[in-house]
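In: Here's a sequence, model it:
(one chain, ligands or ions: 1)
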Amino acid sequence: MTPARRCARACRIMAAGLSLSAAYGVTHYWLYGLPGVVSASVLLAVAQSYSDEDRRIRARHEQLRRAALSDEQLLPPPVPCCSFWRTSGGEVHGPDCTRPPNACTSLTADHDHGTAA
Ligand SMILES: [Zn+2]
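Out: Next up is the predicted model:
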């Protein structure tokens, strides 16, 4: 439950209570029900705006969930290139690595910048 839905529900409950008190006030004098009716209608308008916000939040979350799901389906899992890659989680590559030499990280500055010329 989103906070917007919780606020909308609270506003509707308060509006119902105010409507009941307005109905009780009308039994004594018709103007006693007016403040309750006005307050309940304002609370219902506020509840409707919170409901709209809740709908937008849930639609956005659904879009993000579907986008993440499609990324998982479209992107293939990485293929292990060497035994070190498997054990280090992809951070370290071993001497039996099948990646091209430029893709591997080296410890020397000359190799990193490719400034052999
Ligand atoms: Zn590797």
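
In: all contacts plus neighbour counts: C-alpha atoms, from now on.
Out: Noted.

In: pLDDT of stretch 86-101, averaged?
Out: For stretch 86-101, mean pLDDT rounds to 81.

In: likewise stretch 46-54?
Out: Across stretch 46-54, the average pLDDT comes to 97.

In: going forward, begin numbering at 35 instead of 1
Out: Okay, using 35 as the starting number, the last item reads as stretch 80-88.

In: for the ion, what are the nearby residues on the protein?
Out: Cys115, Cys116, His127, Cys131 (Cα under 5 Å from the ion).

In: Report the secondary structure state of the residue most central in space within the chain.
Out: In the chain, the centroid-proximal residue (Cα atoms, centre = their mean) is His95; its distance is 4.6 Å. Of the three states, His95 takes helix according to DSSP: H, G, I helix; E, B strand; the rest coil.

In: what do you get for Ser55?
Out: When states are read from three-state DSSP, the local structure at Ser55 comes out as helix.

In: burial count for it?
Out: Here the number of neighbours of Ser55 (other Cα atoms under 10 Å) works out to 16.

In: re earlier: out of the residues of the chain next to the ion, which sit inside helices?
Out: If you go by DSSP state H, those have nothing in helices.

In: can you map out the helices along the chain?
Out: Under the criterion DSSP H, helices of the chain are mapped to 37-62, 68-108, 117-122, 143-147.

In: Quick check: Gly70 vs Gly124, distance?
Out: In this structure, Gly70 lies at 65 Å from Gly124, with Cα to Cα, to the nearest Å as the measure.

In: More neighbours: those two, which one.
Out: For Gly70 against Gly124, the residue with the higher neighbour count under other Cα under 10 Å is Gly70, and the figures read 23 against 14.

In: for the more buried one, what are its contacts?
Out: The neighbourhood of Gly70, defined by Cα atoms under 8 Å, 6 or more residues apart in numbering, consists of Leu52, Ser53, Ser55, Ala56.

In: From Pro69, how far out is the second one?
Out: Here the distance between Ser53 and Pro69 works out to 10 Å (Cα to Cα).

In: which of the two has more neighbours?
Out: More neighbours sit around Ser53 than around the other of Ser53 and Pro69, counting by other Cα under 10 Å; the figures are 21 against 15.
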